[in-house]
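A.B. asks: my questions concern the predicted model and sequence given below.
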Amino acid sequence: MRSSNRLLRTMHDIRLLYSSVGQTGLDYPALTSILRAASPNNVKLGITGILVFGSGMFLQALEGERAAVNRLYTRILRDPRHTDCQILDCGDIEIRRFPAWSMKLISLDDAPTSDRRDLVGKHFGAHGLDPSRLSGAGAYAFLSELTSLEGAAPRRAVIAAR
Ligand SMILES: Cc1cc2nc3c(=O)[nH]c(=O)nc-3n(C[C@H](O)[C@H](O)[C@H](O)COP(=O)(O)O)c2cc1C
């Protein structure tokens, strides 16, 4: 038996994308307080990703070792600051798309740049920002393009610009 069997790997990195509905009244300070706890925790767990908030909804990508992502997602599910979590996509990855950030927060409601407005228009059209309507591929494309807009990011940036 060859040891390079791709179907039998002991360590898997996965990417999980989910959407959720934020608790009513979540403001930017509340979002940054989520990140203050999340970032050091994610560094410890080897998890990277991006958390987008807009129109009262979250879209998050979690990348990391499969067991660590599963455990974290189970904890996030129980968080009363959001409801209606829906997994949009989840699967093995060879390369991380968001390796630079222990968790990058982007709030689309505050001071949106024209680039960001255009991107939201492109991906959500007339429906307005509702990540739960996106397909898995659509959610990945949106986050990926949003990440590209951010340009060269410092490694391990924590609470980032709006
Ligand atoms: C939308 C959302 C995203 C979150 N993302 C993370 C995350 O990436 N990492 C993390 O450790 N906690 C995250 N949290 C916070 C966790 O739900 C939880 O409060 C935190 O990990 C502390 O858990 P503990 O109270 O069990 O120690 C998130 C919470 C919300 C509402």
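C.D. replies: Right, received. Where do you want to start? Numbering: from 1, shown residues only.
A.B. asks: which ones are touching the spatially closest residue to residue 71 that is not a sequence neighbour?
C.D. replies: Excluding the flanking residues, the one nearest residue 71 by Cβ to Cβ, 6 or more residues apart in numbering is residue 45, at 8.0 Å. Placement of C-beta: from N, CA and C, glycine included. By Cβ atoms under 8 Å, 6 or more residues apart in numbering, residue 45 lies in contact with 64, 65, 68, 71, 72.
A.B. asks: how much space separates residue 45 from residue 104?
C.D. replies: 16 Å (Cβ to Cβ, to the nearest Å).
A.B. asks: element containing residue 87?
C.D. replies: strand 82-92 (DSSP states H and E).
A.B. asks: all helices of the chain, in order?
C.D. replies: Using DSSP state H, the helices of the chain run over residues 28-45, 66-77, 114-124, 136-149.
A.B. asks: looking at those helices, which is nearest to the ligand?
C.D. replies: helix 28-45 (3.3 Å; Cβ to the nearest ligand atom).
A.B. asks: and the angle for that closest one with strand 82-92?
C.D. replies: If you take axes from the mean of the first three to the mean of the last three Cα atoms, to 10 degrees, helix 28-45 sits at 30 degrees to strand 82-92.
A.B. asks: tell me the buried residues in helix 28-45?
C.D. replies: By neighbour count on 16 or more other Cβ atoms under 10 Å, the buried set for helix 28-45 is 31, 34, 35, 38, 39, 42, 45.
A.B. asks: what of stretch 112-122?
C.D. replies: Here stretch 112-122 shows 116, 119, 120 as buried, counting by 16+ other Cβ under 10 Å.
A.B. asks: got it, and stretch 52-63?
C.D. replies: 52, 53, 54, 57, 58, 59, 60, 61, 62, 63.
A.B. asks: these also near the ligand: which ones?
C.D. replies: Among these, proximity to the ligand is found for 58, 60 (Cβ under 6 Å from any ligand atom).
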